[in-house]
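Engineer: After the sequence you'll find the predicted model.
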Amino acid sequence: MITYIIRRIFQLIPVLFGVTILVFLMMHLTPGNPAQLMAGETAPPEVVERIEKRLGLHDPLPVQYVNFLKKVVTLDFGVSMRNSLPIIDELRPKFWVTIELAIYSTLLSIFMGIIAGIVSAVRKYSFADVAIMLVALFGLSMPNFWLGLMLMQWFSINLGWFPPTGWGSPGQVVLPVITLGTAGAAVIARMTRSSMLEVISQDYIRTARAKGVRERVIIYRHALKNALIPVVTVTGLQFGTLLSGTVLTETVFAINGMGRYVIDSIMARDFPAVQASIIVISIMFVLVNLIVDISYRYLNKRIDLNG
Amino acid sequence: MNRKELLKVENLKQYFPIKGGIFGRTINHVKAVDDVTFTVYEGETVSIVGESGCGKSTTGRAILRLDEPTDGKVEFNGEDIVSLSKSKLRRTRKDMQIIFQDPYASLNPRQTVRQILNEAMEIQNVVPRSERNDRIAELMETVGLKPFQADRFPHEFSGGQRQRIGIARALSVDPKLIICDEAVSALDVSIQAQVLNLLKKFQREFNLTYLFISHDLGVVRHISDRIIVMYLGKIVEIGDKDSIFKNPQHPYTKALLSAIPVPDPDIKKNRIILKGDVPSPIDPPEGCRFHTRCPFVVDKCRSVSPELETRNHMKKGHQAACHFIEEIHSGEHEATRDLRNVRQES
Amino acid sequence: MGKEENILSVKDLQTSFFIDDGSEVKAVDGVTFDVPKGKTIGIVGESGSGKSITALSILKLIDNPGKIKGGQILYKGDNLVDYNERKMRKIRGNQISMIFQEPMTSLNPTYTVGEQISESYKIHQGLGKKESKRKVIEMLKLVGIPSPEKRIDQYPFELSGGMRQRVMIAMALACRPEMLIADEPTTALDVTIQAQILELIKELQDELGMSVIMITHDLGVVAETCDYVAVMYCGKVVEYADVRTLFKNPRHPYTVGLLNSLPRSDVDQEELIPIKGTVPSPDEMPTGCRFAPRCPFATEKCHNELPELEQIGLGEQIRCWIYTDEWTGDPEVKVYEP
Amino acid sequence: MSDPAVQAAVTTNASLNPRVKARKDLIKRFKKNKAALISFYVILFLIVVSIIVHVFQLFGITITPHSPSAVNLPDRFQGPSAEYWFGADHMGRDIFSRILHGMILTLGIGFVSVFMGALVGVPLGIISGYYGGKVDAVIMRIIDVLLAFPGILLALAIVSILGGSLVNVTIAVAVYSVPGFARIVRGSTLATKKLEYIDAIRALGAKDGRIIFKHILPNVMSPIIVNATLYIATAVLTAAGLSFLGLGAQPPTPEWGAMLNDGRGFMRDAGHITLFPGLAILVVVLAFNIFGDGLRDALDPKMKN
């Protein structure tokens, strides 16, 4: 198991290299001269020249990349083009806001999804099953930014129950978390259901029946543990959708998180800030996947631990 | 024996890498086939028997280069298959065909029988296009199917009929050698008998050579001229049918033969029950690979690997790989383990 | 028969599967046999003969869309067909146990060997943790698993196929049932492991005094382990006899055909004598004797009328017109030719 | 129950041309799923309507109640009425007409981007799965890198480089769907490659091209089709999201995501501006999801529960 974890961590290295290379190239593929952008369109050529030199834009590309990488490793993303503040300082508080939002939403989707999925599977083809699966299908198909807008319309503007924007107070948390957690809950519910139904048809469930185990015990003891294994993977993958969902949700609810920061930076053509936030979000995503892989491995003991 | 050597396998090794460790490098190998040497003469049937994991199917696949062998030589008709270029290999494959175990998986469900047979002939370009339909009709008759059934899809046939189609496909390119990889294992006994009869008939009619891979000793006894017994990637005994069945020398062969249930309630056999399971081919035991289960094991077996050899009391061409063939035969060397050991000590 | 006490009598059992499109597949269609106490009865047949469905029917483990349609399963005089789920649960694993063909998939991969065996003690004997652990170790020892104290905490994936089948047996026998149904218990195993498992079942049967139903397609296994044999073809029992009679003097043309299809070990034959044709598919099941289209002796009557399972001689039962007064074919027909 | 007799009963009942029969069976199974069948007709209807609206517009004929770009300031923020079925937006434009005109964009982005994604992803997956070894390792590492950008972020990064426009959004969504196709196709190629009939055809001396195109590709087709259908749903959502963020279609294009963005500022006074475009997206995505689910169940009856 330990070897597996270490190997997985080592496997991340090329991926992280790939991510930084892509993000680095982003800057260079962008039409227009970044120095010119920084200096402003009317700036005299000498100023642009000076900025180019300061940014190292005259160095060969590989050298520039290495310099870029060195900085990234030390979390030095440079300064924002908008306000010349160090990007890392701006990111830090926003990072925690996004993390909070993501964690609450994930918890909501897991909780709702698994319960709904079990009910559905156990009462296959019943009214409850059909209703749950229908709701899940809607949850899956709804644009989450629109769901956010609709929730805001009803519960903030019409009913006045929750503040429409911002983040921090318990009231401000509710709507964004529902907005973001719905799609995940839908996916998890569907996965739990189909996984349960598949497990129930396995040979070892028949063995349990032949032993005289009661149907309830079969479902909650013998089937559920096995059925949840693929659910873990789906939850992990869902986290990626969730992270990207924060971009939209934060925009809708005007939350000062990383997602909104990315959009604002893109709008302002503040490339260092865009680069920084994309790298941070990707690393976060990659790490979550690592944790999911490891826990999947742990749960699914059938996989040879050394292989 | 003055017959022509059709297939000569020398020191064949097939190791499958196991990736692992921190860098996902090859940390070990499954030694599926480890230094196997034998010859098949034209027109005979040689069987390879053994339990799962002994490397019998891997040997068959390596001979055809369906998996690239790790090491060794496979001489077919005087040509070294292993060193052939890809395009030359493709041409040589006309002469060596294979029939698989699973009659449901070995035919493309999307092709009709006609398409399957036609494609085989097209690949090797054996029959002119205009004559192919006649040839297909002929092949169908040969394997006991009706020519009009050629336009049906595999799922419309029963398991036994599908296996006949597989045989027809193999025959369509006029091969010299057919490797039958557990070709009748998935069939019910009554159907199995039909297919075995068919295989024997073709051997007579087309002068075919068979390498027959099977775990079913009853079937092997029926069809073979010579038999190779494999255990954990190595040959433990090789000989003609009578030598193997009536005069087995290796303790493993003896145990294997004694383990087959006989359909006659009056025969009370002196069964040798082997201890434990076949060890992992990743770290095969030192010395003789069978020593962990052998009832006659002594210290020498644990360190020195025995070679295949013929002793005085054995027929020519009959070889076994055991240090104590003669001693066990004469009763000098007695069992060191209980021969009827059902409950196992740790 | 009558002389021996039967622990189980299956009478005219019928189990069908009802497919979506409204059709019915009669997987088991009139199966009758007895299991004398302490004896082993073999149910033998080719794939599709309904032997496994028969086994599952006895414990009423048939899932939707399958259903036991008729007949009786008399266990110690009580008809299990009338039992409800709750009463069946008390039978399963306690009085009648079952082991399956695939030891690799029949154990729950997420629980340890110990947890899975001790569950039986919890359900049927209400034993606590400590007590059941002691019994589990005892059981593992009984089925010949080395160092049971260690094995108890292992997961199924850590065991070989043979070991898993031993665990399955330990689990099945945990509550010392009076009857064991073994559904192709060695088909997935290698010959040398098969020999171990068959020997083990035999020894345990003697020690515990169980009755065994051995379901298999392998006539060799039948000859070596069974006292009585029921031969099944297309959902019906065609012949029931004690094992010696069956192998020495088989009567039903199908049984004869099966034996002839096997390569002989005593003489070398150039050709085997197979049964011609193939098993009919359920939607083209013959109306008369199921075996008529493949039978070398079939007459008009055989094709049109289904024979009953008739008692002939001592404890032998045959479903074939040849052995009735109504036989219109060649009166000299001698089915068995050794 | 895995009783062969039962399975035989389910699978036999052969007719003369089994390939036609297989297709018929598929359609029969699909038709049993009423919801999927309705979705299929909904999708067909939407495609036809959007094409008709678009073609007429090309010739300068507006067949919707209003022109999608006709500004009518006095009617701004008007709620749904006989005149404006879905109400009017902040510039007095008819939302219903705008939704009809925007439909071809939504569907177009969905189809085109998924087609492009499949065009790249499928060959990558087949090559990776079939040849294995180093080729596989390299392709999979690249796919891993692409997958390291969660969801919309990759599309965001691409749009931020190329600039916000409908074409760029389509490209971004296409790139975003490549890894999914590659992975799924690689998986089924690996599974197909293990089948004995592939070995048989290799043993006959067939070349790689024949094996790939004649024997592997037809086998991986069904997962590709199912996946493509479900990806269209995701693509529509992603594209709408990008436009909503102001990075896709630019005003006054009647793209649904952009329309939602327009309405955001006026929610307090005119909720209908955000209601209807969102519903439109929901209907399209729902239809593709149900259709895709139905297709999957029909193609793989074993998966159906």
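Structural biologist: That came in fine, so what should we check first?

Engineer: so what pLDDT did D:His272 get?
Structural biologist: On the pLDDT scale, D:His272 is placed at 85.

Engineer: Next: D:Asp300.
Structural biologist: Confidence for D:Asp300, expressed as pLDDT, is 67.

Engineer: Repeat that for A:Leu175.
Structural biologist: Predicted confidence (pLDDT) for A:Leu175: 93.

Engineer: Can you name the element that comes right after the helix or strand harbouring it?
Structural biologist: Element membership of A:Leu175 [criterion: DSSP states H and E] is helix A:170-200. Beyond helix A:170-200 on the C-terminal side, the first helix or strand identified by DSSP H and E is helix A:203-211.

Engineer: residues making contact with the following helix or strand past that next one?
Structural biologist: Next in sequence after helix A:203-211, counting helices and strands by DSSP H and E, comes helix A:215-217. Residues outside helix A:215-217 that contact it (CB atoms under 8 Å, 6 or more residues apart in numbering or on different chains) are A:208, C:85. To be clear about C-beta, it is placed using only N, CA and C from the backbone, and glycine gets the same treatment.

Engineer: who's in contact with the residue in the stretch 51-200 of chain D positioned nearest to chain B?
Structural biologist: For the stretch 51-200 of chain D and chain B, the shortest gap (CB to the nearest CB) falls at D:Glu196, measuring 3.9 Å. By CB under 8 Å, 6+ apart, D:Glu196 lies in contact with B:100-102, B:105-106.

Engineer: And for A:Phe285?
Structural biologist: So A:Phe285 contacts A:239-240, A:243, D:148-150 (CB under 8 Å, 6+ apart).

Engineer: can I get these in TSV with neighbour count and secondary structure?
Structural biologist: Below are the contacts of A:Phe285 laid out as TSV (neighbours: other CB atoms under 10 Å in any protein chain shown; DSSP: H, G, I helix; E, B strand; the rest coil):
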residue	neighbour count	secondary structure
A:Phe239	25	helix
A:Gly240	23	helix
A:Leu243	26	helix
D:Ala148	23	coil
D:Phe149	28	coil
D:Pro150	24	coil
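
Engineer: Report whether the helix holding A:Leu175 contacts chain D.
Structural biologist: Yes. Residues of helix A:170-200 are located near chain D by CB under 8 Å from any CB of the partner chain, namely A:193-194, A:197-198.

Engineer: wait, which of those is closest to chain D?
Structural biologist: A:Leu197 (4.0 Å).

Engineer: per the record, what domains does the chain have?
Structural biologist: All of this is about chain A. A:18-73, A:92-299 (automatic domain parsing).

Engineer: nope, chain C please
Structural biologist: As assigned by automatic domain parsing, chain C contains the domains C:37-62+C:83-95+C:178-338, C:103-176.

Engineer: pLDDT averaged over stretch A:89-101, what's the number?
Structural biologist: Here the average pLDDT along stretch A:89-101 is 91.

Engineer: Give me the three-state assignment for the residue nearest the centre of chain B.
Structural biologist: Centroid-nearest residue in chain B, with CA atoms, centre = their mean: B:Ile213, separated by 2.2 Å. Under DSSP: H, G, I helix; E, B strand; the rest coil, B:Ile213 falls in the strand class.

Engineer: swap in B:Ser52?
Structural biologist: Assigned with three-state DSSP, B:Ser52 falls in the coil class.
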